[in-house]
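>>> generate a structure from the sequence data that follows.
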Amino acid sequence: MFEFQWNALRVGDRVAVHDDLDAGLDLREGVVHIVETRSHAVNDVAIRLDNGHIAIQHPRRHAVHLLPLNGRPPCWRCEAIAALPEPGGEAGWIVAA
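The predicted structure is shown next:
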């Protein structure tokens, strides 16, 4: 997310977050819970995620996408997820014997 988009977030905005605590960096839907504005700096944003248990995270702005997801700029996390093989498909990993 661009800095101007991050600083424009308001409580209640819907976002998608790459959960840094998830090894797969999967996207989780969340809602902006707290915005602490800072002059001449990037705002501090807390996002409420509901992924089985409710959690409040302070993600980095580059790990967050505005919803809906259409028309967003490229994201290395999304591209890495898209490059993973389908479940049950060939893994693509080379294992040394």
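
>>> which of the three states applies to residue 52?
Put simply, residue 52 is coil when judged by DSSP: H, G, I helix; E, B strand; the rest coil.

>>> pull the number of nearby residues for it.
Neighbours of residue 52 under the rule other Cβ atoms under 10 Å: 7. For every residue, glycine as well, the C-beta is placed using N, CA and C.

>>> ok, it - contacts?
By Cβ atoms under 8 Å, 6 or more residues apart in numbering, the contact set of residue 52 is empty.

>>> now swap in residue 48 and tell me
Residue 48 makes contact with 30, 31, 32, 33, 54, 55, 56 under the criterion Cβ under 8 Å, 6+ apart.

>>> with distance to residue 68 and secondary structure added, can I get the residues you listed in TSV?
Output for the contacts of residue 48, formatted as TSV (distance: Cβ to Cβ, whole Å; DSSP: H, G, I helix; E, B strand; the rest coil):
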residue	distance to residue 68	secondary structure
30	14	strand
31	14	strand
32	15	strand
33	20	strand
54	23	strand
55	23	strand
56	23	strand
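
>>> using ChimeraX, make a named selection holding only the buried ones among those.
Of these, the buried ones go into a single ChimeraX selection, burial set by 16 or more other Cβ atoms under 10 Å:
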select :30,32,33
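
>>> and which of the contacts of residue 48 is nearest to residue 47?
residue 30 (4.2 Å; Cβ to Cβ).

>>> ok, now which ones touch that closest one?
Applying Cβ under 8 Å, 6+ apart, we find residue 30 in contact with 14, 15, 16, 17, 47, 48, 49, 50, 57.

>>> buried subset of the residues you listed?
Among the contacts of residue 30, those classed as buried by 16+ other Cβ under 10 Å are 15, 16, 17, 47, 49, 57.

>>> which of these sit farthest apart?
16 and 57, at 12.4 Å, using Cβ to Cβ across the buried ones among the contacts of residue 30.

>>> who's residue 27 bridged to?
Partner residues in beta bridges with residue 27, using DSSP bridges, are residue 18.
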